[in-house]
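Novice: Sequence first, predicted coordinates after that:
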Amino acid sequence: MLEWTGERIIPKLLKPMNGMLLEHLARYYFAVPYAEGRVLDLACGTGYGSHMIAKERKREVTEIVAVDCDEQTIRYAAREYNHQKIRFIQGDAEDSELPARLGQFDTIVCFETIEHVADDRKVIEHFQQMLKPGGTLIVSTPFGRGRGQPTSEPFHMHQLTPEEFGELVAGFDSCEMYYQRGVTFEAVKRDGVRYFIGVAVCRKKR
């Protein structure tokens, strides 16, 4: 049985009103309307989000490929969140062979991941390769002091500033930025309000 470390969300081990659980669920609910066709959930964790998408978009989604780097977590996900449209696979977001291995997707979701990798630009390049023309990427990350700067989170390599996050996804044909506060998402930053998480919805031209 997996143990909750504060990084991998295990809904069955948390109280329903746990703030971190609600924030993570909210990101998947935010992404649900965009999901269609072949979907990649990169860094799927314990699989609850992939299962949410499969249930909510059963008519619009043909397949969900759910990828996580941890073998034990993937085994747990395949057991606890089994669904006929989901295929759970172990894989590394920075692996140069990943695009060739997985192919292309109509929708890619990747939440709270790029802060964990040394080369976030490489991961974004992989998304660009794996996204079909006309496809949509929904990616999130917590804000912090900036690339290469120390962070208080032990599992984070760094946390981008809002400006750096915008620059990171600027290579897509269009991109809409949202700011998450708890379970709510705002398209415009309000003066005096501190936003901890950014969510980018990026599209590739047909």
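Specialist: Okay, I see it.
Novice: which ones are touching Pro142?
Specialist: Shown in contact with Pro142 (CB atoms under 8 Å, 6 or more residues apart in numbering): Glu112, Glu115, Glu153, His156, Gln159, Phe196, Ile197, Gly198. (C-beta placed from N, C-alpha, C; glycine too.)
Novice: let's see 7 Å
Specialist: Pro142 makes contact with Glu112, Glu115, Gln159, Phe196, Ile197 under the criterion CB atoms under 7 Å, 6 or more residues apart in numbering.
Novice: Please indicate which of these are buried?
Specialist: Taking 16 or more other CB atoms under 10 Å as the criterion, what is buried in the contacts of Pro142 is Glu112, Glu115, Gln159, Ile197.
Novice: so how many other residues sit close to the nearest residue in space to the second one that is not next to it in sequence?
Specialist: If I follow you right, that is Glu115. The spatially closest residue to Glu115, leaving aside those adjacent along the chain, is His156, at 4.6 Å (CB to CB, 6 or more residues apart in numbering). When counting by other CB atoms under 10 Å, one arrives at 18 neighbours for His156.
Novice: Could I get the phi/psi values of His126?
Specialist: With angles defined as degrees, to the nearest 10, His126 sits at phi -60, psi -40.
Novice: what do you get for Leu40?
Specialist: The phi/psi pair for Leu40 (degrees, to the nearest 10) reads phi -110, psi 130.
Novice: Quick check: it touching Met130?
Specialist: Yes - counting by CB atoms under 7 Å, Leu40 touches Met130, with 6.5 Å between them.
Novice: Of the two, which one has the most company?
Specialist: Just comparing Leu40 and Met130: by other CB under 10 Å the higher neighbour count belongs to Leu40, 27 against 22.
Novice: Who does that one form a beta bridge with?
Specialist: Applying DSSP bridges to Leu40 gives these bridge partners: Val65, Ile108.
Novice: which strand in this protein runs the most residues?
Specialist: Taking DSSP state E as the criterion, the chain has its longest strand at strand 131-142.
Novice: ok, and for it, which residues are buried?
Specialist: Leu131, Lys132, Gly135, Thr136, Leu137, Ile138, Val139, Ser140, Thr141, Pro142.
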